[in-house]
Structures are given as C-alpha cells and as structure tokens.
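Asker: here is a sequence together with a model predicted from it:
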Amino acid sequence: MGQKSAVVIYSGGMDSFTVLNRAIADGLTVHALSFHYGQRHSKELDYAANVCEKLGISHKVVDIRAINTLLAGSALTSDIDVPDAEYAEGNMKATVVPNRNMILLSLAIGYAVSIDADEVYYGAHSGDHDIYPDCRPVFVEAMNQVSQLANYKPIPVVSPYLYQSKIDILRDGLSLGLDYSQTWTCYNGREKACGKCSACRERLQAFAALGLTDPLPYENA
C-alpha cells in the first residue's frame, strides 16, 4: 500500500500553514490548494506560494472571483470596512463570506477525487466556532459525511485542530519548528499587518499567551 495523500486547503494564513505542515509531518503526500475569491487580503496567496515553493510541494491556486457576483456583503470581499475590534460575534459577522467553506470544501473534495488523493485537510478551530457557522464541528462533521457519499471514492474531511484553540495550533506549530513569519493573517492586505483587525488581535494574543513575539512586521510597532 502506497503513501496516503491529502489535499490541504491552504490560505497562506497561520492556521492553514500549521495544518499543511502537520499533514507533512504525519507522513502524507500533500497537494496544497489555494483560492482567490476576491479577498482584499489576497496577499496571503503570495505567502502560500512562497511556502509551497520552499517545501517543494504541489500547489494549485484557483481563481473563483466570479462567485462574488453571488456572495456580496462581506468585509473580506466587498467595499465594507474591516472591523478594528476584538474577535467577537457582534464585530465579526461583517467578515462572514456566505457559504464560503462549503464551496471551498466542495471544490477541494472534487480535486481530491480527480487526483486520487485520500483526504481533504481543513483548518477550522475552536476559536472560530462562535462566529463562523461553517467552522463549527456540526458543519465539519456533516461535510465529512456528505463527502464520503458524494463520489465513488469516499474522501474524509479532516480538521486536525477542530476542537483546539489558536494557542494550541501555535504551540503545535512551534513544536514542528515552524517559522510564522512565512504566514499572513491580517484582513487588510497592506504592506505590514495592521495589528488592529480581529485576525491580527487573535494572532498576537496567541503569541503573547506563550510569552513570544510574533515575527511578522506590524504597523506602528
């Protein structure tokens, strides 16, 4: 029996970077899959490409920006200000892209079937549960069930950090020796991370909780 392989949904952010490297560390042959869906922080895709080139792994970037004619209303894709606030439901509903993860997972599952991969890896974690319905265990578990029914080859959806926090993800990544300067988290795609949006705040809080300094450059730092 040959080595198992996985399609990893890889945004270029901190969480998916850790998932990608966790899959590699667990002995899987990895096929990274990134999506350009019109996100204002598309800078993350450059980070993703750089990491995959350094690791020498397969990386496909799919342009699905046309779907934004259907999925308007998110601060990540439309002309709406990104909230400069804590990571809480009232602040972060503006960053929800309608049905995003169901769409991305469906495409990743189809890709996995087409290249005969065994699994799809996806970086949902417990810190997203309150805000994003498509990161909650009930959704991920349902997608896992559907994925194994939708094609002749069952494709499990694996979320290794589904019940863990951002701090847990960072801790595991550091145990793998990962360099988080190779990731982009900020919802604003400027030259440096803003340090104010909820994504930056959550990231900085994770580093602070472990007594560490984030290696990514920040504005006004």
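Answerer: Here it is on my side, so go on.
Asker: for Val61, what are phi and psi?
Answerer: Backbone torsions of Val61, given as degrees, to the nearest 10, read phi -110, psi 120.
Asker: could you check how many residues crowd around it?
Answerer: Val61: 15 surrounding residues under other Cβ atoms under 10 Å. Where C-beta positions appear, they are placed from N, C-alpha and C, glycine not excepted.
Asker: same check on Ala209?
Answerer: Neighbours of Ala209 using other Cβ under 10 Å come to 13.
Asker: where does the residue nearest to it when sequence neighbours are not counted sit: helix, strand or coil?
Answerer: Nearest non-adjacent residue to Ala209, counting by Cβ to Cβ, 6 or more residues apart in numbering: Ile167, 5.0 Å away. Assigned by DSSP: H, G, I helix; E, B strand; the rest coil, the conformation of Ile167 is helix.
Asker: how near is Ile167 to Phe139?
Answerer: From Ile167 over to Phe139 the distance is 22 Å, taken as Cβ to Cβ, to the nearest Å.
Asker: where's the longest helix along the chain relative to the chain centroid, distance-wise?
Answerer: Ordering each helix of the chain by length in residues (DSSP state H) puts helix 100-114 first. Distance, stretch centre to chain centre, for helix 100-114: 14 Å (Cα atoms, centre = their mean, to the nearest Å).
Asker: same check, this time on stretch 171-184
Answerer: 14 Å.
Asker: where does this structure have low pLDDT?
Answerer: Residues of the chain meeting the criterion pLDDT under 70: 1, 71-97, 128-130, 221.
Asker: can you give me the helices for it?
Answerer: 14-25, 43-55, 89-92, 100-114, 137-147, 166-175, 198-209.
Asker: with distance to Val8 added, can I get those helices in CSV?
Answerer: What follows is the helices of the chain, written out as CSV (distance: least, Cβ to Cβ, whole Å):
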stretch, distance to Val8
helix 14-25, 5
helix 43-55, 10
helix 89-92, 24
helix 100-114, 8
helix 137-147, 15
helix 166-175, 14
helix 198-209, 20
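Asker: just these: most buried one?
Answerer: With neighbours defined by mean count of other Cβ atoms under 10 Å, none of the helices of the chain is more surrounded on average than helix 14-25, at a mean of 23.
Asker: do you know how far Ile167 is from Ala206?
Answerer: Distance from Ile167 to Ala206, by Cβ to Cβ: 5 Å.
Asker: if you could redo that for Gln182, that was the one I meant.
Answerer: Counting by Cβ to Cβ, the gap from Gln182 to Ala206 is 16 Å.
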